[in-house]
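>>> Okay, here's the prediction I keep looking at, along with the sequence it came from:
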Amino acid sequence: METAAIRVGVYARISDDPENDELGVQRQLKHLRELVTARGGAIAREYVDNDVSAFKGRHRPQYEALMQAVTAGELTHIATWQTSRLWRRRSERGAGIERLATARVSVLVARGPDLDMTTAYGRGMAGLVGEFDTMESEVKSERIQAKVVELADAGRIANGGPRPFGFRRIYFGEGPRRKIVRDELDEVEAEIVRQCAAKVLRGESLRSIVGDLNGRGVKTSTGGLWTMQGLKFMLRSGRIAGLREHRRKVVGPAVWPAIVTVDEHEQLRALLDSNVRPVGSRVRCHYLTGFMFCSDCVARNVRMRVGTHHDKLKYICPPKAEGGCNGRVIGVADVEGLVKKYMVGRLNDPRSLRMLAEREATEDVETRSLLDAIEVDERRLVTLQATLTDGDEDEAPEAVAAVRRVRARLKGNRASLSRLRPISALDDDESLPELGARWDDLHIDRKQSLMRLFVQQVVIGPGRRGLGRFDPDRVDIVPVRRR
Ligand SMILES: [Zn+2]
């Protein structure tokens, strides 16, 4: 037997358990290759299962392939990081050991004792080691379970604290020691929450919504005025979607009814967390701000801004120090008039609705996949935080790097999501031509959301010398690209 070649199947697995090392697979493989070389073996094949937890018993195609190779007599050994990478559940391990024992395939283990499957003693040890793994895994899951209960308890309706807007609070008893029995929907307030959510989702700013609430005399649950912070807190909360939260993270379904759907909640949260202002939201009085570029500076993404020039309001390319050329000027009223004509034309064009509907369909798919990606990354962050707090010391730097990577990706995805949202400017009772008809009366947010549906940018060319009037040929309205 000594002369027989040692043919090793290397098995590595990434798990999404809290103790996981998603990052560690490359390192696992590196160690395992060294281990195989040190034992004088040769690697027959590497098997890597990605992002699955054996404890939950999910399908592991590479593990299956490995076991087939074992049965087919292609391997003399398996090399793995820990036996827990191979098996977690008792039933799975029992069957696995049986197959290895029959095929006389032993296991080289990087962290822990090797399993010699050629002797009765070795097979017995394999069972014991595995039993220990299972115990460890179960202890871990008990700990997580306890944590969940603790979190959920913390998220239950606490006595005291202000009544959440949108809900009627039912008490038992009187005075300061009264107990909260439950929260019921307050239909009037819930409708207001729904409206605010819809407005945010179609791109209206928190500022204008707060202005509208306070203007209509709608009071907060404590009878005060609405603030942007308060409104954001409410719209961002899982509570309005019937979700329980702990430290502003959703921990599960709640005992109270929902006002918005979970889908809407996810979109609201991603949007409100994105910190990406929609185009042109910084200077709010002129709706073309953010769309305006001079033809010389558009490639550098430098926007024209509103200022006065010979006592008239103009869009002006910023000074050289700020990346612009400072040489391009055009009258605000002139461009706005032209763009209005364009927009009314598009809104009245019967093909527009079809074009938007088609785009919405594509963007729906993109929105869904962005939301999915965001959700996965948020979960990944929680996992990584756990690795940081009670993981291996030597895993910490990689976890920190991974956290940074995941955060960057989240930021990007949230930004993309907020760019996709404006399409929902459509879901309203008004038809496009109706919106066109009262263009002048539309709120600036509404104008900008509609603009974003049709217009990519407005590019201003150089003026002709000596022409004493507004020259519409200087204005190039660039439509939104078709996807
Ligand atoms: Zn310029």
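Received, thanks.
>>> how about stretch 318-325: buried residues?
Pro318, Gly324 (16 or more other C-beta atoms under 10 Å). Using the backbone N, CA and C atoms, a C-beta is placed for each residue, glycine as well.
>>> quick one, strands of the chain?
7-13, 42-49, 77-80, 106-109, 167-172, 179-185, 243-246, 249-253, 292-294, 305-309, 312-316, 329-331, 455-460, 475-479 (DSSP state E).
>>> what does the first one rub up against?
Spelled out, that is strand 7-13. Strand 7-13 is contacted from outside by 25, 28-29, 32-33, 36, 41-49, 52, 54, 60, 62-63, 66, 69-70, 74-81, 85-86, 108, using C-beta atoms under 8 Å, 6 or more residues apart in numbering.
>>> Contact distance from the ion - what residues of the protein qualify?
Counting by C-beta under 5 Å from the ion, the chain comes close to the ion at Cys294, Asp296, Cys297, Cys317, Gly324, Cys325, Arg328.
>>> Kindly recompute the last result at 8 Å.
Proximity of the chain to the ion is confined to 293-298, 302, 304, 317-318, 324-328 under the rule C-beta under 8 Å from the ion.
>>> returning to that earlier point: which of the contacts of strand 7-13 count as buried?
For those, buried by 16+ other C-beta under 10 Å: 25, 28-29, 32, 36, 41, 43-44, 46-47, 49, 52, 54, 60, 62-63, 66, 69-70, 75-81, 85-86, 108.
>>> residue closest to the middle of this structure?
Ile374 (1.8 Å; C-alpha atoms, centre = their mean).
>>> Could you find the closest non-adjacent residue to that residue?
Asn413 (5.2 Å; C-beta to C-beta, 6 or more residues apart in numbering).
>>> Contact partners for the one you found?
By C-beta under 8 Å, 6+ apart, the contact list for Asn413 reads Ala270, Leu370, Ala373, Ile374, Asp377.
>>> what's the burial count for the first one?
As a burial measure, Ala270 scores 24 neighbours (other C-beta atoms under 10 Å).
>>> Val339 too?
Neighbours around Val339, by other C-beta under 10 Å: 22.
>>> how near is it to Cys297?
To Cys297, Val339 is 19 Å away according to C-beta to C-beta, to the nearest Å.
>>> In TSV, list the strands of the chain along with mean pLDDT.
TSV is the format used below for the strands of the chain (pLDDT from 0 to 100):
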stretch	mean pLDDT
strand 7-13	91
strand 42-49	91
strand 77-80	94
strand 106-109	92
strand 167-172	78
strand 179-185	74
strand 243-246	70
strand 249-253	64
strand 292-294	95
strand 305-309	85
strand 312-316	89
strand 329-331	92
strand 455-460	93
strand 475-479	93
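>>> and Leu384, which of these is closest to it?
With C-beta to C-beta as the criterion, Leu384 lies closest to strand 249-253 of the strands of the chain, at 14.1 Å.
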